[in-house]
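Trainee: Got a predicted structure plus its sequence, pasted below:
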Amino acid sequence: MGVLGRAIVEVSSKLTGVVANLVQEETNGSSRLGTFLFPFLAFFLGNLTPDGQYPWGNLTDWGNDQYTESPATGAVRTYDFVISRGLIAPDGYQRDVLLVNGAFPGPMIEANWGDMIVVNVFNNISSPEEGTAMHWHGFLQDDTPWDDGAPGVSQCPIVPGKSYTYEFKASLYGTSWYHAHYSAQYAGGIVGPIVIHGPTQAKYDIDLGPVMLSDWYHRPYFDLIKDMLAPGGSPSVPSDNNLINGKMNFDCDTAAAAGDKTPCTPNAGISKFKFQTGKTHRLRLVNSGADGVQRFSIDGHTMTVIANDFVPVKPYNVTAISLAVGQRADVLVTANAAGSDPKSVFWMRSDLAKCSAAKQPFALAAVYYDQADPETAPSSQPWADAGDPDSTCGASDDLDKREPLYPIPVRGEPAVTKEMKIEAYRNASDVFLFLFDGVSARVDYNHPALDMVMKGNMSFPEVSNVKDFGSAKTVRVVVINKGPGPHPMHLHGYNFYVLSSSPGDWDGKTIVRPSNPVRRDTEVVRPHGHLVLQFDANNPGIWAFHCHIGWHASGGFVASFLTQPDEVRRRWGGDRMPGKMEQVCREWDAWSQNTVVDQIDSGT
Ligand SMILES: *[C@@H]1O[C@H](CO)[C@@H](O)[C@H](O)[C@H]1NC(C)=O
Ligand SMILES: *[C@@H]1O[C@H](CO)[C@@H](O)[C@H](O)[C@H]1NC(C)=O
Ligand SMILES: *[C@@H]1O[C@H](CO)[C@@H](O)[C@H](O)[C@H]1NC(C)=O
Ligand SMILES: *[C@@H]1O[C@H](CO)[C@@H](O)[C@H](O)[C@H]1NC(C)=O
Ligand SMILES: *[C@@H]1O[C@H](CO)[C@@H](O)[C@H](O)[C@H]1NC(C)=O
Ligand SMILES: [Cu+2]
């Protein structure tokens, strides 16, 4: 087991209680994640076909190209979401939140590869009212670019009291999440897990389901953004706590001593997981936070990584793994530590990296083998690399290690190479903003760029930061970060190839493993470094490309990539525009004429 790391030294004994003082309803509303009531997942939904096949047929994760051979099962998975305000105490500290069906984290969406997912989202946010829109992170939205959920880019926001039905295909499989994409609303609580079952070569016995890792703030997102974007403000506001599946304890005494009168319960309750002795468990890790890079580990257990984002990888072993906001990892863990004693208890940890501003960076959950007393506190020691491993702020997991299981080589020279610089500045009112390729973006909720394209209007205002790649089939993007912070870059509508990521400038030619580069939808550009991405621009639509740190996106660190605009117009232009796109915009236009929409940030 590990050397004494940074974590154990610093986790206060005020945070390690495992007997919950609050009931689940008070901490997480109707969510059951992180409790023994959350069921293990099936390997897939439904039954084998009459001829003994999986719903996705005989396709495999090692022998079939997800992007070109995605099946169509004909099954439809339907969900009803109601978004509303609520009052809960995920870590014992009571606060105003935004909830999906009264739950934090929100309900899990589950489907098989090749199914259609239909989610009817009803905006019930009141006192005060607010628009909303939901993004399905990592989904390609092939043939449904209007259901990507980025307000001002792919749709008008959903008006309070109205609903919008998203309908899209599970064309990739693995682990992901959904979150509001309206302002920084998701930091207020509108997040939930998504599991798409698909083929897997890796063998395991039990699917434990989602493990959501998120930094946590005690103030509503709106107030935080207002302060950050006020004259003299800055986006480095420290988080108050760090949660695993929406739970953690909080040191209420210190808050009270500092004069904070908010209701607060110490030892509110941490997440608990059951391991079956000797069995192999699949855990689906998601960084669903607003800002911080997470370093995840389980004392005494090695993890075998089998997927990064929606991409299965050749299995590799780690004792700790870094995940920036938006990133996911599927890991296998065998319950054979401590001589496979079935009474064993271990800490699960997630530590925020040092470069992420945090008052309490250490999240804990407890892992109980099948015969352990579930009210015993673990006394296990962290792995040596459980804390922040180095100064790269989460960009350190080598590209060499992460090799996709199904190999796709880099396809020749790109038709377009776009250099995009990240810069921070203070405008004339002393407001801290980001420039991404020279523009601090601000979307227009009333005129989403996708609507404009379909209507044949290509006069995008400069602040929308649209990059029109025309009919280019291959696009290379060189992201240059001269600043001191890491930025998890997320592209909607595609998985990209990661060609290079290292300190300093790119030499213009080095490509890591061109025969099979890392593919995923979110990758960190490190401090004082570069990130070179390439994607096959074959998905007609308009796709946000942004830093997934909520505060940075709010500060204008957003662009939109328009790919195959001629094809967008040919398929959906003019009369062929989907009726629901026009409907949601008519409703927003009417509402925003009678209500002052306080767009405090970039909008996305
Ligand atoms: C997979 O199934 C398809 C038909 O469903 C069949 O044509 C094909 O030969 C099968 N492939 C393998 C490798 O079994
Ligand atoms: C919306 O919220 C109101 C209270 O503000 C509640 O009465 C109503 O039932 C909610 N609607 C739905 C569909 O949950
Ligand atoms: C990973 O560790 C497991 C034991 O936990 C071992 O069986 C396996 O061979 C290792 N895999 C690799 C790729 O090293
Ligand atoms: C600075 O940015 C803020 C936030 O976008 C904006 O409200 C303000 O008008 C800007 N000031 C100037 C002088 O452009
Ligand atoms: C194009 O859209 C913009 C709004 O984004 C609008 O101001 C402009 O009038 C439109 N142009 C035409 C020709 O409709
Ligand atoms: Cu950023």
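Mentor: Structure received. Ligands and ions are numbered 1, 2, ... in the order given.
Trainee: mind listing what the residue of the stretch 301-450 of the chain found nearest ligand 5 touches?
Mentor: Residue of the stretch 301-450 of the chain nearest ligand 5, by C-beta to the nearest ligand atom: residue 447 (3.7 Å). In short, each C-beta sits where N, CA and C put it, glycine included. Applying C-beta atoms under 8 Å, 6 or more residues apart in numbering to residue 447 gives the contacts residue 152.
Trainee: Repeat that for residue 66.
Mentor: With contacts defined as C-beta under 8 Å, 6+ apart, the neighbours of residue 66 are 171, 172, 173, 310, 311, 406.
Trainee: Any chance of TSV for those residues, columns neighbour count?
Mentor: Listed next are the contacts of residue 66 as TSV, based on neighbours: other C-beta atoms under 10 Å:
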residue	neighbour count
171	20
172	21
173	27
310	26
311	25
406	18
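Trainee: Those in strands, which ones?
Mentor: Among the contacts of residue 66, the members falling in strands (DSSP state E) are residue 311.
Trainee: mind listing what residue 363 touches?
Mentor: For residue 363, the contact set (C-beta under 8 Å, 6+ apart) comprises 213, 241, 242, 243, 244, 248, 294, 349, 350, 351.
Trainee: List just the nearest of those to residue 548.
Mentor: Distance to residue 548 across these (C-beta to C-beta) is lowest for residue 294, with 12.7 Å.
Trainee: what's the neighbour count on the closest one?
Mentor: Neighbourhood size, residue 294 [other C-beta atoms under 10 Å]: 29.
Trainee: downstream neighbour of the helix or strand that contains residue 168 in the secondary structure list?
Mentor: Using DSSP states H and E, residue 168 sits in strand 163-169. Next along the chain after strand 163-169, taking DSSP H and E as the criterion, comes strand 174-180.
Trainee: before we move on, back to that, now do the strand holding residue 168, average pLDDT.
Mentor: For strand 163-169, mean pLDDT is 98.
Trainee: Are that strand and ligand 2 in contact anywhere?
Mentor: No - on the criterion C-beta under 6 Å from any ligand atom, strand 163-169 is out of touch with ligand 2, staying 9.0 Å away.
Trainee: strands paired with that strand, and their directions?
Mentor: Take DSSP bridges as the rule and strand 163-169 pairs in its sheet with strand 116-123 (antiparallel).
Trainee: can you list contacts of the partner strand?
Mentor: Under the criterion C-beta under 8 Å, 6+ apart, residues 75-83, 109, 111, 130-132, 134, 136, 158-170, 178 lie in contact with strand 116-123.
Trainee: My reading is that residue 483 is in a helix; is that accurate?
Mentor: No - secondary structure of residue 483 (DSSP: H, G, I helix; E, B strand; the rest coil): coil, not part of a helix.
Trainee: wait, doesn't it sit right on residue 526?
Mentor: No - the pair residue 483 and residue 526 fails to qualify as a contact (C-beta atoms under 8 Å) at a distance of 10.4 Å.
Trainee: neighbour-wise, which of those two wins?
Mentor: residue 526 (21 against 14).
Trainee: mind listing what the more buried one touches?
Mentor: Contact analysis of residue 526 by C-beta under 8 Å, 6+ apart lists 392, 393, 395, 481, 486, 501, 502, 503.
Trainee: rerun at 7 Å
Mentor: With contacts defined as C-beta atoms under 7 Å, 6 or more residues apart in numbering, residue 526 is in contact with 392, 393, 395, 481, 486, 501, 503.
Trainee: between those residues, which has the most around it?
Mentor: Greatest neighbour count in those, by other C-beta under 10 Å, goes to residue 395: 27 neighbours.
Trainee: If we ignore the residues flanking it in sequence, what's nearest residue 599?
Mentor: Excluding the flanking residues, the one nearest residue 599 by C-beta to C-beta, 6 or more residues apart in numbering is residue 445, at 6.8 Å.
Trainee: Not counting sequence-adjacent ones, nearest residue to residue 11?
Mentor: residue 362 (4.8 Å).
Trainee: Wait, the one you found touches residue 242, no?
Mentor: Yes - applying C-beta atoms under 7 Å, one finds residue 362 in contact with residue 242, separated by 6.3 Å.
Trainee: biggest strand in this structure, by residue count?
Mentor: Looking across the chain with DSSP E, the single longest strand is strand 76-88.
Trainee: How far away from the center of its chain is the helix or strand following it?
Mentor: Moving toward the C-terminus from strand 76-88, the next helix or strand (DSSP H and E) is strand 95-100. Centroid separation between strand 95-100 and its chain, computed with C-alpha atoms, centre = their mean, to the nearest Å, is 18 Å.
Trainee: partner strands of the next helix or strand after strand 95-100, parallel or antiparallel?
Mentor: Per DSSP H and E, the first helix or strand lying C-terminal to strand 95-100 is strand 109-112. Under the criterion DSSP bridges, strand 109-112 sits next to strand 191-197 (parallel) in its sheet.
Trainee: So for the strand it pairs with, mean pLDDT?
Mentor: The pLDDT scores in strand 191-197 average 98.
Trainee: what's it in contact with?
Mentor: The contact list for strand 191-197 (C-beta under 7 Å, 6+ apart) reads 41, 43-45, 100, 105-113, 136, 170, 172-179, 209-210, 212, 284, 286, 288.
Trainee: Around ligand 2, which positions in the stretch 1-150 of the chain sit nearby?
Mentor: Applying C-beta under 6 Å from any ligand atom, we find that the stretch 1-150 of the chain lies next to ligand 2 at 82, 84, 122, 124, 126.
Trainee: The protein against ligand 2: which residues are in contact?
Mentor: 82, 84, 122, 124, 126.
Trainee: Report the contact partners of the second one.
Mentor: The contact partners of residue 84, by C-beta under 7 Å, 6+ apart, come to 99, 124, 125.
Trainee: For the residue lying closest to the second one once chain neighbours are set aside, name its beta-bridge partners.
Mentor: Same thing as residue 124. Distances taken as C-beta to C-beta, 6+ apart put residue 84 closest to residue 124, at 4.3 Å, once the chain neighbours are dropped. Judged by DSSP bridges, the bridge partners of residue 84 are residue 99.
Trainee: Which pLDDT does the model give residue 84?
Mentor: As predicted, residue 84 sits at a pLDDT of 98.
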